[in-house]
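In: 3D model of this:
(2 chains)
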Amino acid sequence: MIEINNLTKRYGNFLAVDNISFKVEKGKILGFLGPNGAGKTTTMRIITGFMPATEGNVSVSGFDVIKEPLLTKSKIGYLPETPPLYMDMTVDEYLQFAGLLKQVSTKKIKSAVDNACLKVDIKDVKGKVIKALSKGYKQRVGLAQAIIHDPEVLILDEPTIGLDPIQIREVRDLIKSLAGNHTIILSTHILPEVDMTCDEVVIIKNGKIIAQDTPKGLAKKMKKSSLEEIFIDLISESKSEEK
Amino acid sequence: MKNIITIFNREFKSYFSSPIAYIVIGLFLVLTGVFFYLLISSFMQYSANLQWQAARLRQAVPPVNVNQMIIRPLFSNISVITLFVVPMITMRTFSDEKKSGTLELLLTSPITTSQIVIGKFLAAFSLYIIMALLTWVYPLVVILFGNPDVPPISIAYIGIIGMGAASIGIGLWISSMTENQIISAMGTFVILLFLWLVGWFSNFTTGSIAGFFKYLSIIEHFNDFSKGIFDTGHLMYYISLSGITLFLAHQSIESLRWRS
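Out: Below is the predicted model:
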């Protein structure tokens, strides 16, 4: 479903992503982990077609994101780290706008908005201006925007950042419920979340993949019980190698 | 086309969901209204003097050219005021999207950068046209109580609208280069001011340089329109300037993909 081959991104002399490759099968959730500045957001932005790669290629449902940008973008739902919200719009207006942008037909737009609101449980704030919503609700509106056109692929960059524990659990359950119909790449710092939701994990550091397996496979390899311990071990291992 | 309409609708509504449209239109009408009042007052004074002199000399009152005394200076004033209000219309078009991160939504949606730029341009241009056409009330007063030539008034409006399109193109281009609305407004204002003042520079130079400065001036091209002269060359200048600046705005947004 998503195929990333030898992806490299340079900003001048700085190498943000260094020759990474991985695949995500249809209906699976991939946890994309790494410390801050590891290159997660850059990789996600390349997958969504926001920016081009310096080398390598990305294909979604068999289509190259650079050669067929409009086609691949219509198959992707993307929630950036900061939800892209127009504060002066109501939730309903915003989701209608996002849906139309993502080629939902005018006939189906109302039902698409209703479905998205139902899925992320924001029906009660549909008529409210986004500026007046709490952080948790804003995050959910961002998520509703990403799923409004029922995309095959969902790219979620830190979807639970800044949420309280109850909201985190709700968003986690929502992401789990979306798997199967959607192929998901999820970036997060909350590792128990990955343990509970993801079928596979890719850990990157300094733009390079340092581990790639199922959460159970990683635990077996590293002889650790939690993903948190594995992550810390891997990151500190690669730090000492650098020294 | 559907994508352009989607961008246009959001953008156009956003002008009215914030105080921008009301402030810009209000300010524009107050300023143009003040100039109209001053022009009418001086015209009344002038005609009263003429009547008084004619009565004193026991002669017929000489005819007065309303177009020359009111309409032409009125449109000159409107064109200058336009240079001040256009930056307020365009300052947030791209700057705000860049700052709030919503540009990421637009650039990861299945629409092209050209559709985004054209949609935003048409929204700003529509607000401008509404604002400009609201000034119809001034020529209407002159038509009701005087006897001006109407075709030159319509031609002056074509000039006002052409000049607005070019100015908005400049505003959009500057806004696409910064995420700071104040810098966007100031940058647009400085460029428009330069394109206004460059016409004066031509008075201090000679030959082809003077001609070049004159051709560059956004106001010089408007002068014929305000006199009621329709010259396609002037219209082409405005259309070309709009096209070039929209192309530059497009390139500036596209370059974000490569630079970010």
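In: what about the helices in the chain?
Out: Going with chain A. A:40-47, A:69-75, A:91-101, A:109-120, A:135-147, A:165-178, A:191-197, A:215-222, A:227-242 (DSSP state H).
In: was after chain B, sorry
Out: B:2-17, B:20-56, B:66, B:72-90, B:95-100, B:102-107, B:113-133, B:137-145, B:150-175, B:181-201, B:207-216, B:220-226, B:232-259.
In: can you put those in a markdown table and add mean pLDDT, distance to chain A and mean neighbour count?
Out: (Each C-beta comes from the backbone N, C-alpha and C, glycine too.) Below are the helices of chain B laid out as a markdown table (pLDDT from 0 to 100; distance: least, Cβ to the nearest Cβ, whole Å; neighbours: other Cβ atoms under 10 Å in any protein chain shown):
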| stretch | mean pLDDT | distance to chain A | mean neighbour count |
| --- | --- | --- | --- |
| helix B:2-17 | 92 | 4 | 18 |
| helix B:20-56 | 90 | 10 | 14 |
| helix B:66 | 81 | 44 | 18 |
| helix B:72-90 | 90 | 16 | 22 |
| helix B:95-100 | 92 | 7 | 20 |
| helix B:102-107 | 94 | 4 | 22 |
| helix B:113-133 | 95 | 10 | 21 |
| helix B:137-145 | 87 | 30 | 15 |
| helix B:150-175 | 93 | 16 | 23 |
| helix B:181-201 | 91 | 14 | 18 |
| helix B:207-216 | 83 | 36 | 13 |
| helix B:220-226 | 85 | 34 | 22 |
| helix B:232-259 | 90 | 5 | 17 |
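In: and those as TSV, adding distance to A:Gln212?
Out: Listed next are the helices of chain B as TSV, based on distance: least, Cβ to Cβ, whole Å:
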stretch	distance to A:Gln212
helix B:2-17	38
helix B:20-56	50
helix B:66	81
helix B:72-90	48
helix B:95-100	35
helix B:102-107	27
helix B:113-133	35
helix B:137-145	70
helix B:150-175	43
helix B:181-201	44
helix B:207-216	59
helix B:220-226	63
helix B:232-259	28
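In: quick one: contacts for B:Leu106?
Out: Listed by Cβ atoms under 8 Å, 6 or more residues apart in numbering or on different chains, the contact set of B:Leu106 reads A:Leu101, B:Ile7, B:Glu97, B:Ile116.
In: which residues sit in contact with the nearest residue to the third one once chain neighbours are set aside?
Out: Spatial nearest neighbour of B:Glu97, excluding adjacent residues (Cβ to Cβ, 6 or more residues apart in numbering or on different chains): B:Leu103 at 4.1 Å. When contacts are counted by Cβ under 8 Å, 6+ apart, B:Leu103 touches A:Pro84, B:Phe94, B:Glu97, B:Ile253, B:Leu256.
In: A:Thr197 too?
Out: Counting by Cβ under 8 Å, 6+ apart, A:Thr197 touches A:Ile29, A:Gly31, A:Arg172, A:Ile175, A:Lys176, A:Ala179, A:Leu186.
In: what's the answer for A:Pro215, then?
Out: Residues counted as contacts of A:Pro215 (Cβ under 8 Å, 6+ apart) are A:Gly31, A:Val194, A:Asp195, A:Cys198, A:Glu200, A:Val201, A:Leu227.
In: what's the local residue count around the fourth one?
Out: Burial of A:Cys198 is recorded as 25 neighbouring residues (other Cβ atoms under 10 Å in any protein chain shown).
In: just to revisit the earlier point, from the contacts of A:Pro215, which single one is nearest chain B?
Out: Relative to chain B, the closest of those is A:Gly31; by Cβ to the nearest Cβ it sits at 21.1 Å.
In: give the burial count for the closest one, as a bare number.
Out: Residues lying near A:Gly31 (other Cβ under 10 Å) number 23.
In: so what's it bridging to?
Out: With DSSP bridges as the criterion, A:Gly31 is bridged to A:Leu186, A:Val201.
In: for it, give me the pLDDT.
Out: A:Gly31 carries a pLDDT score of 90 in this model.
In: and of the contacts of B:Leu103, the nearest to B:Val190?
Out: Closest approach to B:Val190 among the contacts of B:Leu103 (Cβ to Cβ): B:Phe94, at 17.6 Å.
In: who's in contact with the closest one?
Out: Going by Cβ under 8 Å, 6+ apart, B:Phe94 touches B:Leu103, B:Lys120, B:Leu172, B:Ser175, B:Ser176, B:Ser184, B:Ala249, B:Ile253.
In: kindly recompute the last result at 7 Å.
Out: B:Leu172, B:Ser175, B:Ser176, B:Ile253 (Cβ atoms under 7 Å, 6 or more residues apart in numbering or on different chains).
In: what sits against the residue of chain A found nearest chain B?
Out: Using Cβ to the nearest Cβ, A:Pro84 is the residue of chain A that sits closest to chain B, at 3.7 Å. A:Pro84 makes contact with B:Gly101, B:Thr102, B:Glu104, B:Leu105 under the criterion Cβ under 7 Å, 6+ apart.
In: identify the residue nearest it in space, chain neighbours excluded?
Out: Closest to A:Pro84 by Cβ to Cβ, 6+ apart is B:Leu105, at 3.7 Å.
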